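>>> with the sequence up front, the predicted model follows.
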Amino acid sequence: MTDDVQTLVDAVALGSIYALMAVGIGLVFGVLRLVNFAYGQLIMAGAYALALTNDQPVLLSIALCFAVVLALSLALELAAFRPLRRASPTTMLVATFAISYLLQSIALVKFGAIGKIVVVVPKLSEPVTIGGVHIRWITIMTIIVAVLVFAALMVLLTKTTIGLHMRAASIDPATARLLGVRANAVITAAVLVSGVIAAIVAVILPMAVPERLLVGPDFALRETIIVLVGVVVGGIDRLLSATLGGFTMGVAVGLLSGYLPSSGAWPFTSSVYLDSAVFMLVIIVLLIRPEGLFVRGRHAALERV
Amino acid sequence: MTDRRGSLELIGPVLALALAGIVGSTGFVDPALENEFKGALVSVAIVVALYVFVGNSGVVSFGHVSFVAVGAFAAGVMTVPVALKPTITPGLFAFLGEHSVGNLASLALAAVLGGLFALVVGIPLMRLSGLAAGIATFAVLGVTYNILNNWEKIGPGPLTLTTIPETTGLLQATIGAIAVVAVAFAYQRSRYGRKLRASREDPAAARAAGIDIHRERLWAFALSGALSGLAGGLLVHLAGTLQARDVYLDLTFLTLAMLVVGGVGSLWGAVVGALAVSALDSFLLRAESGEVGFVDDLLGKPLWGGSRLVGVALFMAVVLVFLPQGLTRGREFHLPRLGRRRAVAQESSA
C-alpha cells in the first residue's frame, strides 16, 4: 500500500515536470504554429549555467540560469523563428531539429561528452517520512512549483492584456492581427514565458530525476521527446489539452516504471521495455483519438483547406 | 512535368551518383577517401528511400529509420559467420543462430523485411495525417529501437554486433544508390505515384476524383520501407559493426535534415541534400585533421577540432531557416536551356 502511494506520488511529480515542459512548448505552438524541438536544449543551457556555477551562491546561480535561458530563447526567436514564420510546419519542425543538433554539437565541443554534476540545493534531495511513505522534498517542491506556475499562467492568460492577445492569436492569428494585436510583441512574450518555464525545469530536473544529476549535451532530450509526443497525444491545438497530455505521459512513465518487473526475456515483459510499452500506448491512443485525447468534440477531424 | 522532359529528370541524379562512384574509385582522390564516398552513397540510398514516402505523400515520417534498422539488423545478424555466432550473439533463436546467408541474399532479406514491417505498421498508421502521423511513426521508431536494443533472441541486444562482412564496396554502394533512385523515379511517374502526389497537393480534390488516399499512402510507405531496409543492409555491410544506437535518433535527424536541405518535394532534392551534407561533413573532417592543403595554408594550422560537428549542424540550420524550400526548391533536375524556366512549384503547406 505505502509502495503504491510512493509510486503514485513520484509519478505525479514526473507528470508535473512534463506538464511544465508541455505548457512551454504549447505556448509557443499556440502563437507560432511551431513545434519547438530545441526546447530541451534551452533546458540544457540552463542546466550548464547551474553546473558551471556550483560554487557560487544558490540564488546567483539560479539567476544566471534564468538569464542564459531567456537570452537563448530571445536569440532563437530573432535568428530562427522569425525568418521561418511562413515556412510549412514540417520545415519548421525539421529546422528546430537542426537547431537542437547545433546546440548539442556546440555543447559537446565546448564542454565534452562527459556530464557535469549539477548541485543546486542538496537538502531538497533528502527524504521526509509522512505516514510511512518516504518522499523526497524535491518531489513535494516540484508539485507545488508546478501548481504555482499554472496558477500564475492562468492569471497571465485571463487577466492581462498581453495574455488576452496571446489567446486571441492562438485561436485565430489573422483576425487577431486585424483587431490590432501586434504579432511580434505577442510572440516575443510567449517565447519569453516559455523560456521562464524552461529555466524553472532546468533548476528542478537535475534534483528531481536521479538520471539527470549530470548535465551533458543530450540533457533533457529524452524528456523533450516524450513531452512532444504527449503534447500531440493530448491535443496540441489547446494549451490545456497539450498540458494534460504532457502530464499524462509523465504519470504513465512513472507508473509503468514502478510496476513493470525488473527482468523478463520477452519484449514488453520487463522494465527495460518501458519505452516500448509507452510508445505502444501512444500509437493506440493516436489511432483512436487522432485529434487529441483531451480535445472535446470531433471538429478537429475536418480538413482545413 | 511534361513527358518529353520527364525522363531527362533522371539523368541528373544518376550522373551525380555515377560520378561519385567513379571519382571515389580512381586516382582522382586519396584512396583513404573511399569510405567517405561509400558513406555518401549509402546516405543517398537512405534519404531517397525516405523521400519515396515523405516527398510524394507530403506526410512526414519520423519513423523511417525503423525500417533501416530492421534491414541493418537482418542483414547483419544473418551474415555473421555461423562459427562465430555462439560467441557474439549467444542468445539468438536457434534457427537464426544456426544459419547464415551470402551478401546479396542478405540485402534481399533486408529489403523484404523492411517492406513487410512497413506494410504491417502502415495499415493502421496511414489513416493518420499531419502531426499525429509524424508522432505515431516516431513511436514506431521508439518501439523498434527499444526492442532491438534489448531483445537478445533476435540480435546482439545492448551489445555491439561485430564481424559483419564489410562487403559494401564502392561498386555495390553506387549500384545500390542508383537502383534506389531508379525505383523511386519509376514509382513517382507511375499512376500510383501520381495519385499520391495529387493527394499531397489537395486531399479533398483527390478524394473527389476517386483516389483512395489510405491505399496509395500505404503502397508508398511499404515501398519506402523496402528501400530503407535495402539501404540499411548496405549501411551495415559498410560499417562492419552495428549497435541499435547507430540506427536511431541521430540517423533520423540527419537523414530528415538532408532531405529537407535538398528540398523535400523532388527526387533531385533528396539526392542533392544527401550529397551536399555528406560532402561538407567529409571536407570538415579532413580539414580538422590537417589533410586539406589550402585550409592549412589559409589558417596556418588545421581547422579547429569540433568544427565538423558544429559546421554541419550550422549549415543545415542556416539552409532550413533561410531556404525553407531547400537547395533545389523542390524542383526536379533539368538540363539548362532545354526549356523555359518553369515557375517554382507551389509547395503545399499541409
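Nice, thanks for sending it over. Numbering: from 1, shown residues only, chains lettered A, B, ... in the order given.
>>> neighbours of the one residue in the stretch 101-250 of chain A that gets nearest to chain B, how many?
Proximity of the stretch 101-250 of chain A to chain B (CB to the nearest CB) peaks at residue A:109, 3.2 Å away. The way it works is simple: take the backbone N, C-alpha and C, and place the C-beta from them, glycine included. Counted with other CB atoms under 10 Å in any protein chain shown, the neighbours of residue A:109 add up to 17.
>>> what pLDDT does the model give it?
Confidence at residue A:109, expressed as pLDDT, is 88.
>>> neighbours around the spatially closest residue to it that is not a sequence neighbour, how many?
Once flanking residues are discounted, residue A:109 sits nearest to residue B:306: 3.2 Å by CB to CB, 6 or more residues apart in numbering or on different chains. Residue B:306 has 15 neighbouring residues, counting by other CB under 10 Å.
>>> need the contact list for residue B:306.
Counting by CB atoms under 8 Å, 6 or more residues apart in numbering or on different chains, residue B:306 touches A:105, A:108-109, B:288.
>>> do residue B:326 as well
By CB under 8 Å, 6+ apart, the neighbours of residue B:326 are B:260-265, B:269, B:273, B:319.
>>> make it 10 Å
A:91, B:258-266, B:269-270, B:272-273, B:319-320, B:347 (CB atoms under 10 Å, 6 or more residues apart in numbering or on different chains).
>>> what does residue B:268 give?
Per CB under 10 Å, 6+ apart, neighbours of residue B:268: B:9-10, B:12-13, B:16, B:51, B:181, B:185, B:262, B:327-328, B:330-334.
>>> okay, the residue in chain B that chain A sits nearest to: pLDDT?
Residue nearest to chain A within chain B: residue B:306 (3.2 Å; CB to the nearest CB). The model reports residue B:306 with a pLDDT of 75.
>>> got phi/psi on it?
Backbone torsions of residue B:306, given as degrees, to the nearest 10, read phi 100, psi -10.
>>> what does residue A:116 give?
Dihedral angles (degrees, to the nearest 10) for residue A:116: phi -100, psi 140.
>>> which SS class is the closest residue to it other than its chain neighbours?
Distances taken as CB to CB, 6+ apart put residue A:51 closest to residue A:116, at 4.1 Å, once the chain neighbours are dropped. At residue A:51 the chain is in helix, as set by DSSP: H, G, I helix; E, B strand; the rest coil.
>>> now the one 3 residues further on
Taken by three-state DSSP, the conformation at residue A:54 corresponds to coil.
>>> and what of residue B:215?
Using three-state DSSP, the structure places residue B:215 in helix.
>>> quick one: contacts for it?
B:126, B:192, B:195-196.
>>> equivalent analysis for residue A:66, please.
Taking CB under 10 Å, 6+ apart as the definition, contacts of residue A:66 comprise A:46, A:49, A:195-196, A:198-200, A:202-203.
>>> would you turn those into CSV with distance to chain B and secondary structure?
Putting those into CSV (distance: CB to the nearest CB, whole Å; DSSP: H, G, I helix; E, B strand; the rest coil) gives the following:
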residue, distance to chain B, secondary structure
A:46, 20, helix
A:49, 20, helix
A:195, 19, helix
A:196, 24, helix
A:198, 19, helix
A:199, 23, helix
A:200, 25, helix
A:202, 21, helix
A:203, 26, helix
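>>> got a markdown table for these, with neighbour count too?
Putting the contacts of residue A:66 into a markdown table (neighbours: other CB atoms under 10 Å in any protein chain shown) gives the following:
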| residue | neighbour count |
| --- | --- |
| A:46 | 32 |
| A:49 | 24 |
| A:195 | 26 |
| A:196 | 17 |
| A:198 | 29 |
| A:199 | 28 |
| A:200 | 25 |
| A:202 | 29 |
| A:203 | 24 |
